[in-house]
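Trainee: Pasting a predicted model and its sequence here:
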Number of protein chains: 2
Amino acid sequence: MNKKISPPKISQAELSVMEVLWAESPLPASDIAKALAAQKKWNIKTIKTLLSRLVDKQALSTTKDGRRYLYIPLISRESYATTAARTLSDRLFGGRAAPLVAHLAEGKGLSDEDIAELEVLLADLKGEGLKNER
Amino acid sequence: MNKKISPPKISQAELSVMEVLWAESPLPASDIAKALAAQKKWNIKTIKTLLSRLVDKQALSTTKDGRRYLYIPLISRESYATTAARTLSDRLFGGRAAPLVAHLAEGKGLSDEDIAELEVLLADLKGEGLKNER
DNA sequence: CCTTTCAGATTACAAGCGTAGTCCTACGTA
DNA sequence: TACGTAGGACTACGCTTGTAATCTGAAAGG
């Protein structure tokens, strides 16, 4: 039984950095700063701090490129999103998807596309269900 | 134009306390401790600290009952859940519900009931959609 | 009355987070 | 060769969070 490695906890600010690297990697800190400049007015130093912390947490790995580092995600956006979604759903909705979706719908209303997508998705899930059941 | 009051940020530990009060309120600290004793082995002092912080944040209000307080939620579970769901969906899924559900499905697989519930929900949403469109 | 005791108020204290600043060194440039 | 400079390493610092402990006053019990 291999002990489950706890997925590193990524903070809000750190997540912004991860997003950049999920979009493209490897990248040096300077490029990440450039990419973030639009949304956040962060000092490059701030970004470097976040990068170091992410490396500490093993959310990123680095490779040397001359005298600087290139950063690469160690955890995928996929897996992060899955964990986050599951955590929320468990914590607030008893792990059930329907109430969660209901809450999303509330107030804002899902678009027609959202609904269409969900229908397709449900159809797929039912197909899989069959496969697994049998 | 009334300024939107930012919903108080409730931390993990604080949320456990809120859950108790969402289930039943008003309650004194001692009863909350009793309710939490099963899941968390927290010192009553810890719970009182959390309660004070929640009052500070205006997530709870109090009424005197003799020499103690009774606590009552100022924000509903509903609204908290809605905000949390929306925040997650916006941050990680571009505000779209389908990918979020897809991620929930992944790995764990939604149960048949989940899927059934979602279908009903979608049907309802389509009904509303019509009403709104027209 | 005096003492134990329970509630809230105040204080503690380390780890995590947001946001940088300082130090030191290797590079490229005049 | 001397100098500014880009980068990483280390340090900083106030705020939040998790988790209590201590102080204080009032209530209850003997």
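Mentor: Looks like it arrived, so ask away. Owing to the predicted nature of the structure, the values given are computational and were not obtained by experimental measurement.

Trainee: Surely residue A:22 is within a helix?
Mentor: Yes: counting by DSSP: H, G, I helix; E, B strand; the rest coil, residue A:22 is found in a helix.

Trainee: Just list the residues touching it, thanks.
Mentor: A:73, A:76-77 (C-beta atoms under 8 Å, 6 or more residues apart in numbering or on different chains). Just so you know, the C-beta spots here come from the backbone N, C-alpha and C atoms, and that holds for glycine as well.

Trainee: Counting neighbours, which of those comes out on top?
Mentor: Among the contacts of residue A:22, residue A:73 has the most neighbours (other C-beta atoms under 10 Å in any protein chain shown), with 19 neighbours.

Trainee: Look through chain A and tell me its longest helix.
Mentor: Determined from DSSP state H, the single longest helix within chain A is helix A:112-133.

Trainee: now the angle from it to helix B:112-133?
Mentor: Interaxial angle of helix A:112-133 relative to helix B:112-133 (axes from the mean of the first three to the mean of the last three C-alpha atoms, to 10 degrees): 160 degrees.

Trainee: Now helix A:112-133: average pLDDT?
Mentor: Averaged over helix A:112-133, pLDDT sits at 80.

Trainee: can you check stretch A:102-109 too?
Mentor: Mean predicted lDDT for stretch A:102-109 stands at 78.

Trainee: hmm, stretch A:29-36 touching DNA strand D?
Mentor: Yes: with C-beta under 7 Å from any atom of the strand as the criterion, DNA strand D is reached by stretch A:29-36 at A:29-30.

Trainee: which outside residues touch that stretch?
Mentor: By C-beta under 8 Å, 6+ apart, stretch A:29-36 touches A:16-17, A:20-21, A:23, A:27, A:42, A:44, A:47-48, A:51, A:68-69, A:71.

Trainee: now with 6 Å?
Mentor: Identification of contacts with stretch A:29-36 by C-beta atoms under 6 Å, 6 or more residues apart in numbering or on different chains yields A:20, A:44, A:47-48, A:51.

Trainee: Quick check on these: which are buried?
Mentor: A:20, A:47-48, A:51 (16 or more other C-beta atoms under 10 Å in any protein chain shown).

Trainee: Which pair of those spans the longest distance?
Mentor: Taking C-beta to C-beta as the measure, the buried ones among the contacts of stretch A:29-36 span a maximum distance of 13.5 Å, between A:20 and A:48.

Trainee: ok so, going back, is the longest helix of chain A up against chain B anywhere?
Mentor: Yes: judged by C-beta under 6 Å from any C-beta of the partner chain, helix A:112-133 and chain B are in contact via A:114-115, A:117-118, A:121-122, A:125.

Trainee: Return the member of those nearest to DNA strand D.
Mentor: Ranked by distance to DNA strand D (C-beta to the nearest atom of the strand), those are led by residue A:114 at 30.6 Å.

Trainee: neighbours of the closest one, just the number please.
Mentor: Using other C-beta under 10 Å, residue A:114 has 23 neighbouring residues.

Trainee: List the contacts of it.
Mentor: With C-beta under 6 Å, 6+ apart, residue A:114 has these contacts: B:96-98.

Trainee: Which of the residues you listed has the largest number of neighbours?
Mentor: residue B:97 (26 neighbours).
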